[in-house]
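A.B. asks: heads up, no residue letters with this:
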Ligand SMILES: Nc1ncnc2c1ncn2[C@@H]1O[C@H](COP(=O)(O)OP(=O)(O)O)[C@@H](O)[C@H]1O
Ligand SMILES: [Mg+2]
C-alpha cells in the first residue's frame, strides 16, 4: 500500500471513490449546502467537523441519496446519483451508513439485523450470510449477543452491531453520522476502537464527529464545515496546529 | 475521627395514612360534602326502587323452560322463549336435522379464534389454518358432499352468518386495508388520490347505504341473468367498508414509525417492497393490533344491518321468533338474551385487546 504518497501527484492515479462537483442543496428556500466540492480516494479516512446545523449530516446523507441534491454532481464509485432508482440502489449497496441513533431493526434479532441486507439485496444464501454475520460480530466483539434483540443491548453494543450490519454488505465506503454522540461517555471508547480497527484494515471512511482524538489518530484529512460550506480542509496535524480561517479557530477554541 | 461522618442506615417509610377502612373510604368518596351526600342518597333510593323488582322479575317470578301457555299466568320473565326457540334464533332457516353443521362450523371458527389469540402462534401456518377453516366451514354449510344435502346460502342465517360475515370480512379486509394505507402514503399522485378518494368516500357513508347499493347497484352492472348471491354481496360490502377503516388505522401505525427505520432500510439498499414487508409493516401492524380489534368489534355489531338486504342475522331471527303469535309479547326477554349474547362476544374481544395492548406495551 502506498497510502503515504497518494496525496502527491502520483503517476498511477489512485481510484476516486466519491466525487462531488459544485453541489448545492436546498430545503425549500433554505440554501443548506453551497458549492460543495469533494474528492475521496479509496482507503482515505476523512473526518468532518463543524458547528451544529452547518450541514454535515446533510452532506453525507446526500452521498447515499437519503437526501436529494438540486445542483451539481455526485459520483460514487463511477455511478452518478440521479433520479434513476436503480443507480440509487446500486450506490446504497456500496456505501454503508452508521447513524447517530443506531437505527437497528427492533423486531429482528441481532443476527437477523445483520443478514437482512446480504440475503435480500445481495441474494447470499442464508447459511453463508449467517456465517459472515458471525464473523463480523466477532470483529466488533459482540458475537455472544447474536440471538438477542436490539432492545436488550446497551447503546455502545447497539452501535457496534450497527457497524457490523453495514460491514456485512461489504461496502466500498462507510459513512458515520456522529456515531458516538448519543452514547454515554463510558461507551464511546468501545465504539471508537471498533472504528479505528476498521480504519486500520483500510476501510474508506467519512466520519462526522466531534471526537478530536479520533480525528488526530485516524484521519488522513479533516474538513471543517460552516453554514453549508467546506471552509477548510487539511491534514490533522496542520488543521489542529495551524488553522487558517477565523471561523475554524473559533470553532476549535470552543471544542478543544 | 468522630462517628458523625458515618451515615446512618437508610430508612424506608410507609406513605402517610390519610383515610382508614370502609368508613374512611365512604366518607371521602360518597359523603365528602353536602351535594355529594345528597346525590348518593338519591341514587341509593333510585336503586332501591329498580333493583329488587327487576331481580324478582328476572329470577324469582320467572319461568325458564315451559310451554308458551304457562307464561300467560305469571308476573315474571318468560325465559322459556329462549330454549323453546333456540335453534331458530341461532341457526334460522337452516333445515332441521342439519343444524349440527352450522353448529360445528361455529365451534371450529371460535376454536380457531381462541387458538389464534396466543401470540406465540402468529406464524405463516396460522394463515394456512384460516384458509383450511374457510374451506371446511364452507363445505359444512353448503354441503353437497359426504352425504350432506345442499343448503342454499339463502337459508344461511342466525349466529353463524353474523360470525362469518364479521370475521371473514375482517380477515379479507385486512390486506386490502394495508394496500390502501400504503397507497395513501404513496409518492405517486394518481395512486395517492385514488386511495384518498376511496377511503374518504367509504368513511363518509354509513354501512347500511353500502349494503343497499350492493343489492341495487351490483345487478345493474352485471349482464342479465347473472346474479351474485346475497351472502356474497353482503360479505363484499362489509369487506369494502371495513377496509377503509383498517386503512386509516394502519396509516396511523405507519406514521408512528420513526424515520430512522426507513433510512436504515434504504441505506442497506432494500427496495420499497422489501422495506415495507420486512421492516415497516411488521412493526407498524403490531402497533395497530388493539385498534384493529376495535374495528372487528364494530364490524361484528354492524353485521346486524344485513337485514336490509333480507339476510337473517341473529337479530332478525329473533324478531321472526317474536312475530310468532305464541311468543309475541316476550320481546323484553328475547332482546335481553340477545344483548347478553352480543355483550359476551364483544366483551371477550375487548378484554383480549386490552390484554394484548398490555403485552405489546411491556415488551416484545
Ligand atoms: N428535513 C429538513 N428540512 C428542513 N431543514 C432541514 C432538514 N434537515 C436539516 N435541516 C436544516 O439544515 C441545516 C443543516 O442540518 P444538518 O445537516 O443536520 O446539520 P449538522 O448535521 O451539521 O448539525 C440545519 O439548519 C437544519 O435545521
Ligand atoms: Mg447532524
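C.D. replies: The structure has been received and is ready for your questions. All values reported here derive from a predicted model rather than from experimental measurement. Ligands and ions are numbered 1, 2, ... in the order given.
A.B. asks: how about residue A:176, what does it touch?
C.D. replies: By C-beta atoms under 8 Å, 6 or more residues apart in numbering or on different chains, the contact list for residue A:176 reads A:97-98, A:195, A:205-209. (C-beta placed from N, C-alpha, C; glycine too.)
A.B. asks: and the gap between it and residue A:193?
C.D. replies: For residue A:176, the distance to residue A:193 (C-beta to C-beta, to the nearest Å) stands at 14 Å.
A.B. asks: likewise residue B:95?
C.D. replies: 78 Å.
A.B. asks: hang on, the earlier thing: including pLDDT, distance to chain B and secondary structure, could the contacts of residue A:176 go into a markdown table?
C.D. replies: Shown next, in a markdown table, are those (pLDDT from 0 to 100; distance: C-beta to the nearest C-beta, whole Å; DSSP: H, G, I helix; E, B strand; the rest coil):
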| residue | pLDDT | distance to chain B | secondary structure |
| --- | --- | --- | --- |
| A:97 | 95 | 4 | strand |
| A:98 | 96 | 9 | strand |
| A:195 | 94 | 17 | helix |
| A:205 | 95 | 15 | strand |
| A:206 | 95 | 13 | strand |
| A:207 | 96 | 15 | strand |
| A:208 | 96 | 15 | strand |
| A:209 | 93 | 18 | coil |
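A.B. asks: chain center to the host helix or strand of residue B:44: distance?
C.D. replies: Using DSSP states H and E, residue B:44 falls within helix B:34-55. Helix B:34-55 has its C-alpha centroid displaced from the chain centroid by 34 Å (C-alpha atoms, centre = their mean, to the nearest Å).
A.B. asks: now the element after it, going C-ward?
C.D. replies: Proceeding N to C from helix B:34-55, the next assigned helix or strand is helix B:68-71, under DSSP H and E.
A.B. asks: can you tell me the closest non-neighbouring residue to residue A:132?
C.D. replies: Nearest residue to residue A:132, sequence neighbours excluded (C-beta to C-beta, 6 or more residues apart in numbering or on different chains): residue A:168, at 6.1 Å.
A.B. asks: who's in contact with the most centrally placed residue in chain B?
C.D. replies: Centroid-nearest residue in chain B, with C-alpha atoms, centre = their mean: residue B:297, separated by 2.3 Å. Counting by C-beta under 8 Å, 6+ apart, residue B:297 touches B:346, B:349-350, B:353.
A.B. asks: out of those, give me the two with the largest separation.
C.D. replies: Distance extremes for the contacts of residue B:297: the farthest pair is B:346 and B:353 at 10.4 Å, using C-beta to C-beta.
A.B. asks: who has more neighbours, those two?
C.D. replies: Relative neighbour count places residue B:353 above the other of residue B:346 and residue B:353, with 18 against 15, counting by other C-beta atoms under 10 Å in any protein chain shown.
A.B. asks: pLDDT of the helix or strand hosting the more buried one, averaged?
C.D. replies: In the assignment (DSSP H and E), residue B:353 maps to helix B:331-362. The predicted model assigns helix B:331-362 a mean pLDDT of 84.
A.B. asks: pull out the buried residues from that helix.
C.D. replies: B:333-334, B:337-338, B:341-342, B:345, B:349, B:353, B:356 (16 or more other C-beta atoms under 10 Å in any protein chain shown).
A.B. asks: same question for stretch A:140-149.
C.D. replies: If you call a residue buried by 16+ other C-beta under 10 Å, then stretch A:140-149 has these buried ones: A:140, A:142-143, A:145-146, A:149.
A.B. asks: any weak-confidence spans in the chain?
C.D. replies: Defaulting to chain A. Applying pLDDT under 70 to chain A flags residues A:1-13.
A.B. asks: should've been chain B
C.D. replies: Filtered on pLDDT under 70, chain B yields the residue ranges B:1-5, B:15-20, B:224-227, B:361-364.
A.B. asks: flag every residue of it that's near chain A.
C.D. replies: Residues of chain B lying near chain A by C-beta under 8 Å from any C-beta of the partner chain: B:258, B:260-261, B:263-271, B:274, B:278-279, B:282-283, B:286, B:364.
A.B. asks: now do 6 Å
C.D. replies: For chain B, the residues found near chain A under the criterion C-beta under 6 Å from any C-beta of the partner chain are B:260, B:263-264, B:267-269, B:274, B:279, B:282-283, B:364.
A.B. asks: in the stretch 101-250 of chain B, what residue is nearest ligand 1?
C.D. replies: residue B:187 (15.8 Å; C-beta to the nearest ligand atom).
A.B. asks: should've said the stretch 151-300 of chain B
C.D. replies: Per C-beta to the nearest ligand atom, residue B:259 is where the stretch 151-300 of chain B lies closest to ligand 1, at 9.2 Å.
A.B. asks: residue B:12: what secondary structure?
C.D. replies: Per DSSP: H, G, I helix; E, B strand; the rest coil, the secondary structure class of residue B:12 is coil.
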